[in-house]
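Enquirer: Whatever this is, show me its structure:
(chains A, B and C)
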Amino acid sequence: MGIKTRALLKSPWIFHMSTGSCNNCDIEVLDCLTPRFDIERFGMLLAGSIKHADVLVVTGAATRQCIPKIKRVYEQMPKPCFVVAIGECALSRGLYIQSYNCPTPIDKIIPVDVYIPGCPPKPEAIIAGILKLINKVSDHRVTDGSEASPAARNEVRTRGIMELR
Amino acid sequence: MAKTIIPIGPYHPLQEEPEFFTLTVEGEIVTGVEVAVGYNHRGVEKLSEMKTFDQSTFVIERICGICSTSHPFAYTQAIEDIYPIEVTPRAKYIRMIIAEGERIHSHLLWLGLAGHFLGYNTVFMWAWKLREEILDVMEILSGNRNNYAMFKAGGVRRDFHPDEIPVVLKKIHSIIPTLQMLKKAVTDDPVLHARTKGVGVLSYEEAIDFCALGPTARASGVAHDVRKDSPYAAYDHVPWDMIVLKNGDVYDKLALRILETFESIKIVQYCLEHLPQGPIDLGLKDVPAGEGIGHIEAPRGECFHYVLSDGTNRPARHKVRAPTFMNLPTYKATIVGETISDATIILAAIDPCYCCTDRMAVFDTKGRKMYDSEDLIRLSQEKTEKIRNKMGVK
Amino acid sequence: MNRQETLNNIREKFKGDIKNFLERSPKRVYIEIDANALIPIATYIFKDLGARFNIASGLDTRQHFEILYHFTFEALDMIVSLRVILPRDKLEIASLTCVFEGANWIEREINEMLGIKFTGHPDLRRLLLPEDWPEGVYPLRRDYKEWDPNAIRDRGV
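Expert: Here you go, the predicted structure:
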């Protein structure tokens, strides 16, 4: 495993982006920082800028105004990077499939590695999801995130959904 | 006088996109603001017409996460207004408990964010830790921390078990000392007074002209609260006071929300101790043709729903008006003439949804971007630090 | 002044412009008025009677268009809604921004959702819909159809 990825997994910095959500999932992500759940003990911090981030956390059903933003943010993230979709809206738009302002689900716009279902998922589920991401990726000896084998990324994806339900 | 502007921090990668709030400045003073909303627009009104009346309640709950009870409450009141019909006493009390519990958690969340913007990160951590206690209470009573799904047209969906009530009363009682400590920290701190008094003033006439609602209007002397003016549920049977302050600045809005939290705790305690027995649901089946209006006091102001029914099982028209829709334009009146280091806290004092404050940027008169939202929060925290050093307070 | 006196005042003062006066319940009154009389009646209710403007809601019944302006009388615990009917071929009405500032945003929203023009509005641009939304497509109309070929509307199962 490359030294970049090893360093990433020791202390992942998280950049949080909302693409048109009701803010419930966003507040549960912020709740992870508070003393009861405290993700800082795992070395996770909320990064102020996208250029310092390792993990992109996305919430919300992608509204039309936010689709160019998502693409731009993903391009600006330094690779290797991982994308975590939190909440039903980020998985498949949930209730808003028929909405005129939400045309496509997020994983048709950017590649997603871990899906955390729930409306909203509890902070325990969010922490478990991110830890699963770290464990699975380090198990598969990924050398560089951008060249991860499709099999490895697929494993994370399916295991992520099935074990969290 | 020519000034050199040094950009702070790396440029935000989303700088080319139009932001929510674009401030134009001359020097340090804000001269204009452009408000662009629509990033969260998910077309809920059109969705509601595609779903049945019962399904619509779940869609409506997810308009906003922080006031996720207010919208179904107003919606079910609108449907009950079509008949018109009143729910059972036990359902009224249960509805009040859930609504006031949500008000407590929403105000504590706001207190934490305001503390973060002003540079008091311990207030942020304390307020959100306290908020976890209330979320535990809501989880015991309804089963979930946020989207409670307790409301339906004609009553409530779930009942309280008598064993839960002493546990809940004990938990609520346990947050009062910490809340009093926070209140004292706010009212006794000279740095906070210097930072927030006289900042972002909304006058009485402006509050009436913009049709402002909720704490934003009550801090300017407009004595209106839906719970007192047109009492719904059982608010006229429970003893509580309406808080009205008169200066309209950020300090008044801060103090008002803390005082309202104490009133909400009183209401929840009274309701739990005097919960009447009886059925919780009227068993309504079909909604008759007609139109109904439901309005309730959400933590941010008055939430208004209008439902038109044509006798089928779907709404023919469902108009949703969240309180922030009327409060957000008041930002234009409060920010012009203030400094950019106060921009974040003046916006936060209206208490918009959290992600609204995430998208703010400052442009100088030539159209170059100077600061983005992270920089503005940092400027705000630095101003508090400067005042603290000037006053010699540790 | 109690509720009946207030309603009688409105009824007397604007006798010629009121087409229908429906009191659904003591607290909910729906008054159908002539479109030309909107500004005088709204000014009377807002400035002289001291009501608060709540919101306006537009509606496309298939025969015509309707706008309801909701005003709240806090002291009397009553909501009065003014109904204005607009024919399908002439979707225009005077803007209320000259009376109070609170009507600014809601008129922009009704304009982009239903296509009703508000004459005299200072700034009638888009509020909620994105910049690249096509002109002439109004989401809340009954004949709205999906115009985007790239939209994915099934659940993929």
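
Enquirer: Am I right that residue B:80 sits in a strand?
Expert: No. Under the criterion used here (DSSP: H, G, I helix; E, B strand; the rest coil), residue B:80 is helix, not part of a strand.

Enquirer: and chain C, which residues reach chain A?
Expert: Residues of chain C that fall close to chain A, judged by C-beta under 8 Å from any C-beta of the partner chain: C:129-130, C:132-133, C:139, C:144, C:146, C:148, C:150-156. Every residue, glycine included, has its C-beta placed from N, CA and C.

Enquirer: which of those residues are buried?
Expert: Among the residues of chain C next to chain A, the ones that count as buried by 16 or more other C-beta atoms under 10 Å in any protein chain shown are C:129-130, C:133, C:139.

Enquirer: just to revisit the earlier point, what's the closest of the residues of chain C next to chain A to residue B:207?
Expert: residue C:129 (29.2 Å; C-beta to C-beta).

Enquirer: wait, what's in contact with that closest one?
Expert: A:101, B:38, B:41, C:112, C:139 (C-beta atoms under 8 Å, 6 or more residues apart in numbering or on different chains).

Enquirer: Residue B:29 now?
Expert: B:337-339.

Enquirer: Can you list the residue ranges for strands in chain B?
Expert: B:21-26, B:29-35, B:151-152, B:155-156, B:290-298, B:301-309, B:315-321, B:360-364, B:369-372 (DSSP state E).

Enquirer: most packed of these?
Expert: strand B:301-309 (a mean of 27; mean count of other C-beta atoms under 10 Å in any protein chain shown).

Enquirer: contacting residues for residue B:258?
Expert: Shown in contact with residue B:258 (C-beta under 8 Å, 6+ apart): B:107, B:111, B:179, B:182-183, B:186.

Enquirer: I'd like to know how far the residue of chain A found nearest chain B sits from residue B:147.
Expert: When C-beta to the nearest C-beta is the measure, chain A has its nearest residue to chain B at residue A:24, with 2.9 Å between them. From residue A:24 across to residue B:147, the span is 7 Å (C-beta to C-beta, to the nearest Å).

Enquirer: Compare those two (neighbour count), which wins?
Expert: Ranked by neighbour count (other C-beta atoms under 10 Å in any protein chain shown), residue A:24 and residue B:147 place residue A:24 first, with 24 against 19.

Enquirer: want to throw the contacts of residue C:129 into TSV with pLDDT?
Expert: TSV is the format used below for the contacts of residue C:129 (pLDDT from 0 to 100):
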residue	pLDDT
A:101	90
B:38	79
B:41	86
C:112	91
C:139	91
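
Enquirer: Mind pulling up the pLDDT for the nearest residue to residue B:250 once chain neighbours are set aside?
Expert: Residue nearest to residue B:250 in three dimensions, not counting chain neighbours: residue B:196, with 4.2 Å by C-beta to C-beta, 6 or more residues apart in numbering or on different chains. Listed pLDDT for residue B:196 reads 89.

Enquirer: Residue B:196: neighbour count?
Expert: Residues lying near residue B:196 (other C-beta under 10 Å) number 25.

Enquirer: what's whichever residue of the stretch 201-350 of chain B sits closest to chain A in contact with, if anything?
Expert: Here the residue of the stretch 201-350 of chain B nearest chain A is residue B:322; by C-beta to the nearest C-beta that distance is 11.1 Å. If you count contacts by C-beta under 8 Å, 6+ apart, residue B:322 has them with B:63-64, B:67, B:71, B:298, B:300, B:303.

Enquirer: quick one: which of the residues you listed has the most company?
Expert: Within these, residue B:303 tops the neighbour count with 31 neighbours, counted by other C-beta under 10 Å.

Enquirer: Bridge partners for it, pull those for me.
Expert: Residue B:303 has these beta-bridge partners by DSSP bridges: residue B:296.
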